[in-house]
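> Sequence first, then the predicted structure:
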Amino acid sequence: MNASQSHIVTLENVTKHFGAVRALGGVDLKVHAGECLGLVGHNGAGKSTLMNVLAGTLSPDHGILGIHGADLSGRYNVKAAGENGIRCVFQELSLCPNLTVAENARIFHPTLTGFGWKRRAGNMIREKLDEIFPGHGVHPDNVIGDLSIGKRQMVEIARAFTSTGAPLHLVILDEPTSSLDAVTSGQLLDFVRKVVNQGLSCILISHVLGEVLSYCDRIVVMKDGLVVETRPGADFTRDTLVAAMGNVVEQEEIEEHERREIQRGTTPIVVEARSDAQRDGAALVAHRGEIIGLAGLAGHGQTRMLLKVYDAAMRKRKSLKVDGPVALVAGDRQTDGIFHLWSISQNVGVRSLQSMIRHGLIDPDAEAALGRAWQARIKIRTPDMNDNILSLSGGNQQKALFARALASDAEIILMDDPMRGVDVGTKLEVYDLIREEAEKGRTFLWYTTETDELYNCDHTYVFRDGVIVADLPRDQLSEEKILHSSFKESA
Ligand SMILES: Nc1ncnc2c1ncn2[C@@H]1O[C@H](COP(=O)(O)OP(=O)(O)OP(=O)(O)O)[C@@H](O)[C@H]1O
């Protein structure tokens with residue numbers, strides 16, 4: 001093998017199959033010292049599989065795996081990855097939910113032992129959180145399971161960059177900003193640039209192409225388990241990157257968020273809700289057929305508001321007005337969204353059971369037909385909808401959750417940052433689907449950490465400290481206004 005010392009990683013012709021599915025079809029990849037390498041590709045292209053190979057959590061079927069010039073093929077595992085200074089921030093976060101932030105940090109550092117280890121681990125993770133995410137609001141004694149998904153993501157990222165003297169050469173970040181708002185995403189990406197300039201290497205996997213284009217030295221494009229293009233970041237434009245991923249997306253489609261104008265008030269109010277802390281009487285109001293955006297910094301009450309509306313619909317609480325059946329697309333799919341032991345079809349159909357009952361039992365043919373219809377409609381990438389849901393890539397799991405809500409009889413769809421990890425081509429199709437459904441009379445309450453998505457909404461409420469601080473119709477929406485409202489001190 002001709003692996004040079006300046007390459008931290010050299011992969012040659014790496015393959016990986018899961019049963020009949022070819023996840024990696026012979027991948028060549030080099031990671032240089034001191035570079036930020038972007039990795040993009042459609043949902044199911046093989047990005048996470050490749051990163052699991054590098055993290056030592058998956059063994060490839062064939063191929064050469066060289067680290068710092070040494071051929072470690074066949075004897076590479078998680079321990080070897082750690083010893084060679086390779087860490088991974090996984091898309092499906094890997095923190096232990098029943099342990100504290102400090103205890104989770106300790107897991108990476110077996111040398112942190114003896115009297116006071118917990119305090120030292122706590123200080124280490126707090127310092128790293130302060131460095132990457134100033135104002136993060138996480139305490140080392142917080143139990144992971146009690147933190148929001150955004151804060152968990154921050155802890156997992158900070159942990160990957162902690163050091164107790166062992167070498168750290170490469171940090172792999174798989175969709176690291178998927179649950180972070182624009183401000184914390186910016187903090188992370190600036191930090192990545194800083195450490196890369198100091199000689200560390202990072203691999204950044206993201207469906208937010210702007211991040212990859214702005215922050216990566218080189219970009220590798222994967223398609224159907226293969227690397228199809230590798231070029232310096234500066235050589236790509238958004239269009240050429242999208243085209244390399246295999247999506248034919250018209251530029252107008254990217255920028256065009258127009259939909260028919262509906263005059264507010266011409267359809268009845270179906271949701272009217274306010275938080276207990278809201279003193280000025282402002283309320284979140286949704287009329288039938290509207291797409292309502294919930295914006296602001298992550299963790300400022302948007303998810304709480306969606307859950308309040310959901311609870312009101314389920315328990316028929318009188319304090320909130322919620323007219324019509326609701327479905328929720330959960331933001332934290334691993335904890336609140338997917339049924340891990342069920343098939344993809346069962347996961348899609350679970351919110352539509354009433355419509356599938358024949359002679360008192362769920363009709364498996366009806367369930368399979370519903371699954372197939374949504375597989376085609378939303379392009380869930382699998383050879384068989386009867387496979388377990390966990391056999392899907394992250395973005396495809398998210399599509400299945402979307403299908404579950406849209407396939408149901410719900411008239412009001414609550415979406416808690418639902419596009420986490422969904423690729424750019426699919427996102428545009430889902431936006432169209434949402435607009436189509438809204439035009440048929442469905443109402444959407446849509447919390448998103450991606451400002452661009454708000455341009456699909458008729459009306460956006462900005463949240464700060466648990467209350468609504470701005471109420472923006474689509475023609476008044478701008479990123480500046482959202483940020484201004486998100487930070488403005490209370491009067
Ligand atoms: N444990 C598994 N069992 C079966 N199939 C799997 C498994 N893990 C991944 N796959 C399949 O391998 C292929 C590549 O998946 P992978 O997760 O690497 O894609 P990805 O590019 O990371 O996608 P995403 O952008 O959605 O995260 C997909 O077809 C996926 O369904």
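Now that the structure is in, tell me what you want to look at. Predicted model only: the values in this text are computed from it and were never measured. Residues are numbered from 1 along each chain as shown.
> and Ile172, what helix or strand is that in?
In this assignment (DSSP states H and E), Ile172 forms part of strand 170-174.
> Give the pairing partners of that strand; include direction for each.
Strand 170-174 has the following sheet partners, assigned by DSSP bridges: strand 86-89 (parallel), strand 201-205 (parallel).
> pull the CA atoms of the longest one into PDB?
As requested, C-alpha coordinates have been extracted for strand 201-205 and formatted as PDB (Å, rounded to 0.1, in the frame of the first residue of the first chain):
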ATOM      1  CA  SER A 201      -8.600  17.000  10.500                       C
ATOM      2  CA  CYS A 202     -12.400  16.800  10.400                       C
ATOM      3  CA  ILE A 203     -14.900  15.100   8.100                       C
ATOM      4  CA  LEU A 204     -18.100  17.000   7.900                       C
ATOM      5  CA  ILE A 205     -21.200  15.100   6.700                       C
END
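> for the protein, where's the lowest mean pLDDT among helices and strands?
The weakest-scoring helix or strand in the chain, judged by mean pLDDT, DSSP states H and E, is helix 251-255 (a mean of 45).
> Pairing partners for the next helix or strand after that one, with directions?
Toward the C-terminus, helix 251-255 is succeeded by strand 269-273 as the next helix or strand (DSSP H and E). Strand 269-273 sits in its sheet next to strand 284-287 (antiparallel), strand 321-322 (antiparallel), going by DSSP bridges.
> tell me the mean pLDDT over strand 269-273?
Averaging pLDDT along strand 269-273 gives 90.
> ok, now stretch 115-135?
Averaged across stretch 115-135, pLDDT comes to 92.
> Pull the residues that contact that stretch.
Residues from elsewhere that reach stretch 115-135 (CB atoms under 8 Å, 6 or more residues apart in numbering): 101-106, 109, 112, 136, 138-141, 154-155, 157-159, 161-162, 164, 184, 187-188, 191. C-beta here means a position set from N, CA and C on the backbone, and glycine is covered the same way.
> Could you give the number of residues near Phe239?
Quick fix: residue 239 is Asp, not Phe. When neighbours are counted by other CB atoms under 10 Å, Asp239 registers 13.
> swap in the one 3 residues further on?
Val242 is surrounded by 22 other residues when neighbours are defined as other CB under 10 Å.
> Quick check: it is in a helix.
Yes. Under DSSP: H, G, I helix; E, B strand; the rest coil, Val242 falls within a helix.
> Which residue is the nearest non-sequential neighbour of the residue of the chain found nearest the ligand?
Residue nearest to the ligand within the chain: Gly395 (2.8 Å; CB to the nearest ligand atom). Nearest residue to Gly395, sequence neighbours excluded (CB to CB, 6 or more residues apart in numbering): Asn43, at 3.2 Å.
> Quick check: phi and psi at the residue sitting furthest away from the middle of the chain.
Ranked by distance from the centre of the chain (CA atoms, centre = their mean), the top residue is His359, with 40.3 Å. Phi and psi for His359, reported as degrees, to the nearest 10, are phi 50, psi 40.
> quick one on the thing from earlier: and of the strands paired with strand 269-273, who's closest to Val424?
Of all the strands paired with strand 269-273, strand 284-287 sits nearest to Val424, with 27.4 Å by CB to CB.
> Show me what the next helix or strand after the closest one is packed against.
Next along the chain after strand 284-287, taking DSSP H and E as the criterion, comes strand 291-295. In this structure, strand 291-295 makes packing contacts with strand 284-287, helix 302-315, helix 424-439, strand 443-447, strand 459-464, judged by 3 or more CB pairs under 8 Å, 6 or more residues apart in numbering; DSSP states H and E.
> Same list (these) but as a markdown table, adding mean neighbour count, mean pLDDT and distance to Gly296.
A markdown table is the format used below for those (neighbours: other CB atoms under 10 Å; pLDDT from 0 to 100; distance: least, CB to CB, whole Å):
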| stretch | mean neighbour count | mean pLDDT | distance to Gly296 |
| --- | --- | --- | --- |
| strand 284-287 | 22 | 93 | 12 |
| helix 302-315 | 19 | 88 | 6 |
| helix 424-439 | 18 | 87 | 20 |
| strand 443-447 | 25 | 96 | 9 |
| strand 459-464 | 24 | 92 | 4 |
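> Kindly reformat those as CSV and extend each row with distance to Leu353.
Shown next, in CSV, are the helices and strands packed on strand 291-295 (distance: least, CB to CB, whole Å):
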stretch, distance to Leu353
strand 284-287, 26
helix 302-315, 16
helix 424-439, 21
strand 443-447, 23
strand 459-464, 33
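> That'll do, ta.
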